[in-house]
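A.B. asks: Provide a 3D model corresponding to the input given below.
(2 chains, ligands or ions: 2)
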Amino acid sequence: MSVPATATPTYPPGQHPDLPPPPGTAGVIGWLRANLFSSVFNTALTLVSVWLIYEFVTAAIDWFVLDAVWEAGSRVDCRKQGDGACWAVIAIRLDQFVYGFYPADQRWRPVLTFVLLFPALAPVLFDRTPYRSQLLWFSLAYPALGAWLIYGGLGLPVVDTDAYGGFLLTMILGVTGIVASLPLGILLALGRQSRLLAIRVLCVTFIEVVRGVPLITLLFIASTMLNYFLPPGTSFDLLIRVLIMVTLFAAAYLAEAVRGGLQALSRGQYEAADSLGLSYWKKTWLITLPQALKIAIPGMVNVFIGLYKDSTLVVIIGLLDPLGVARAVLADAKWNGLSNETYLFIALFFFLSCFAMSRYSLWLEGRLSVDDR
Amino acid sequence: MATIEDTERIRSAADTSRVMVEVRAMHKWFGTFHVLKNIDLRVTAGERIVICGPSGSGKSTLIRCINRLEVHQQGTIEVDGIELTRDVKNIEQIRSEVGMVFQHFNLFPHLTVLENCTLGPMWVRKLPKGEAEEIAQRYLERVQIPEQADKYPGQLSGGQQQRVAIARSLCMQPKIMLFDEPTSALDPEMIKEVLDTMLELAETGMTMLVVTHEMGFARRAADRVIFMDEGEIIEKNAPEPFFNNPQNDRTKLFLSQILSH
Ligand SMILES: Nc1ncnc2c1ncn2[C@@H]1O[C@H](COP(=O)(O)OP(=O)(O)OP(=O)(O)O)[C@@H](O)[C@H]1O
Ligand SMILES: [Mg+2]
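C.D. replies: Numbers count the residues shown, from 1 in each chain, chains lettered A, B, ... in the order given. Ligands and ions are numbered 1, 2, ... in the order given. Have a look, this model is predicted:
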């Protein structure tokens, strides 16, 4: 659709003014034309897609909202009221989905822990958080504070770990796993590049072994075999054992993501740091790691999202994560058959948290590349 | 308090007989490839040495051995009286006294120009931030880009980046500066600005070892020119006789190739 050349006036050399683009090639109209209606085929594709989306969205709105039932005593009751989703099952069991069997009168503790997670995360995630340096101290204290609030002791009644369930359990596994695996993964990545053969072999072996087995086997080891390896007479909490395994698993994958970042740096960066006389740890902390982590962000967030979702595997060794709750709910004679509603609800929860992580990583990549471009 | 320039001048004036680099019967191999053969080199304080030679002759490897970016296997290298051994603390100490400027600048892209310059003084010399920034500002002025201090290296032209790299090295107030083809990655119009900076540095009495093909720089600034080929030092001489009356055939050939266009 180019405008014939004769339509543009000619100018003496060196005097050509800046002209606006031809009509219909820029702005909304230009975009629509270029992307949706550029040819007969493209136009047909656009129309068919619009129709499909319309059909799907209206049907979904009907099922999810307009025909849905929010209050009912049983599945049969639900079906009498409407033929959409029966959200009543979620509403009635919501407490279990969120807390598992955490005692009702103590639930302010996980709630408070969750609320405090935000001021603890903000200074870590966002470098422009007001009072960042003071808040970072709070972030540092948060793991201990959270553990105390949720578990108890020192004045709070103890709530045993087998009472934790639902999204509370997912959050505990996800947050602890991510926070603990990051430093471990970085150390493993550095160890894998170490000049000391012993350290290198140790790290490579660990990474390859852990990456080479499915998480579920590690969880079984945690639930059954780990006691064999521990000194006789010691036994420690199943949740802690699972946390350790989840952390080790994620750390092995993280290590590979970080290694990719370290290897992407040019040799010149290492040499420039060396030639200033920086020691190994200073060089790593100031020069190579910041750059490597930036490169590794997409891979690392991938690992975190994977870890977060894989935490649902703990249902197999008997922990009551959201899927465990779902099983229990669906086993109830009054509600069985409502697996769509139950699993969609859980899927929504996971989607929202993972989507948030993914958006954050995109934002961070953009933020960091603004810096040095 | 004396300024940095003063101390430098005093230092160089006082010690012109002091040996800064002493390389004796040094050999290096990459695997089985004998890349440096029986190198002997002595550089005294304030001397400016230009090293030239065909590609692959071992020029980079030689100056990289001096701050232990490469490890030699035979012979000795002493820098300001300290022998380069496997001792890590020794190596870090020597590296902090020897500045290095690379062909590809190797600025730290995640740090601003100012941070690039204060990093060494703060973390190696352990100077307080304010003092390090003062020093950095002064050297950025000396390489004539004080106004770029808050930019990131990626926002600068090649010539500006190389001048920042020189400033970054100078901020460590080194006793010796090594340059490995500092202008060969630059566009022609930027070569001059970097060479001017280096000439100015030469005038302050800095001890310099420069690998370069810029024979104009060698004529103007060098005390001695060294010609290397296939891992050996073939010829060394003051620039005047080196260019006008080369002794070795290989030197003649090299000079005719490099000066013919
Ligand atoms: N890390 C290395 N491993 C193996 N061989 C190497 C290594 N670095 C350099 N070499 C080889 O050693 C020889 C000398 O290299 P060097 O970089 O010192 O040459 P140069 O004189 O600086 O050449 P140029 O003018 O191309 O920079 C070359 O043949 C090169 O291929
Ligand atoms: Mg070279």
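
A.B. asks: show me the shaky parts of chain A.
C.D. replies: A:1-8, A:226-227, A:230-235, A:370-373 (pLDDT under 70).

A.B. asks: and the residue of it found nearest chain B, what does it touch?
C.D. replies: Proximity of chain A to chain B (C-beta to the nearest C-beta) peaks at residue A:277, 3.1 Å away. Where C-beta positions appear, they are placed from N, C-alpha and C, glycine not excepted. If you count contacts by C-beta atoms under 8 Å, 6 or more residues apart in numbering or on different chains, residue A:277 has them with B:92, B:93, B:94, B:95, B:96, B:97, B:120, B:124, B:172.

A.B. asks: just give the nearest non-adjacent residue to it, would you?
C.D. replies: Residue nearest to residue A:277 in three dimensions, not counting chain neighbours: residue B:96, with 3.1 Å by C-beta to C-beta, 6 or more residues apart in numbering or on different chains.

A.B. asks: helices of the stretch 51-200 of chain A, residue ranges please.
C.D. replies: In the stretch 51-200 of chain A, the helices defined using DSSP state H, counting those that start in this stretch lie at A:75-81, A:88-99, A:108-125, A:132-151, A:166-192, A:197-212.

A.B. asks: oh, I was asking about the stretch 1-150 of chain B
C.D. replies: B:4-14, B:59-66, B:88-97, B:113-123, B:129-142.

A.B. asks: follow-up on the earlier one: so the residue nearest to residue A:277 makes contact with residue B:124?
C.D. replies: Yes: in this structure, residue B:96 is within contact of residue B:124 by C-beta atoms under 8 Å, at 5.0 Å.

A.B. asks: and the stretch 1-150 of chain B, which residues reach chain A?
C.D. replies: B:67, B:69, B:88, B:92-100, B:102, B:104, B:106-110, B:119-120, B:123-124 (C-beta under 8 Å from any C-beta of the partner chain).

A.B. asks: higher neighbour count, residue B:96 and residue B:124?
C.D. replies: residue B:96 (21 against 18; other C-beta atoms under 10 Å in any protein chain shown).

A.B. asks: so the top helix by length along chain A versus helix A:88-99, what angle?
C.D. replies: When chain A is parsed with DSSP state H, its longest helix is helix A:339-372. Taking axes from the mean of the first three to the mean of the last three C-alpha atoms, to 10 degrees, one finds helix A:339-372 and helix A:88-99 inclined to each other by 50 degrees.

A.B. asks: report the angle between helix A:339-372 and helix A:166-192.
C.D. replies: Going by the same axes, to 10 degrees, helix A:339-372 makes 40 degrees with helix A:166-192.

A.B. asks: what's the angle from helix A:339-372 to helix A:108-125?
C.D. replies: Using the same axes, to 10 degrees: helix A:339-372 against helix A:108-125 is 30 degrees.

A.B. asks: list the buried residues of helix A:339-372.
C.D. replies: A:341-342, A:344-346, A:349-350, A:353-354, A:357, A:361, A:364, A:368, A:372 (16 or more other C-beta atoms under 10 Å in any protein chain shown).

A.B. asks: quick one: contacts for residue B:68?
C.D. replies: By C-beta under 8 Å, 6+ apart, the neighbours of residue B:68 are B:84, B:91, B:94, B:95.

A.B. asks: name the nearest of these relative to chain A.
C.D. replies: Of all the contacts of residue B:68, chain A sits closest to residue B:95, with 3.9 Å by C-beta to the nearest C-beta.

A.B. asks: residue A:276 versus that closest one, what's the distance?
C.D. replies: Residue B:95 sits 7 Å away from residue A:276, going by C-beta to C-beta, to the nearest Å.
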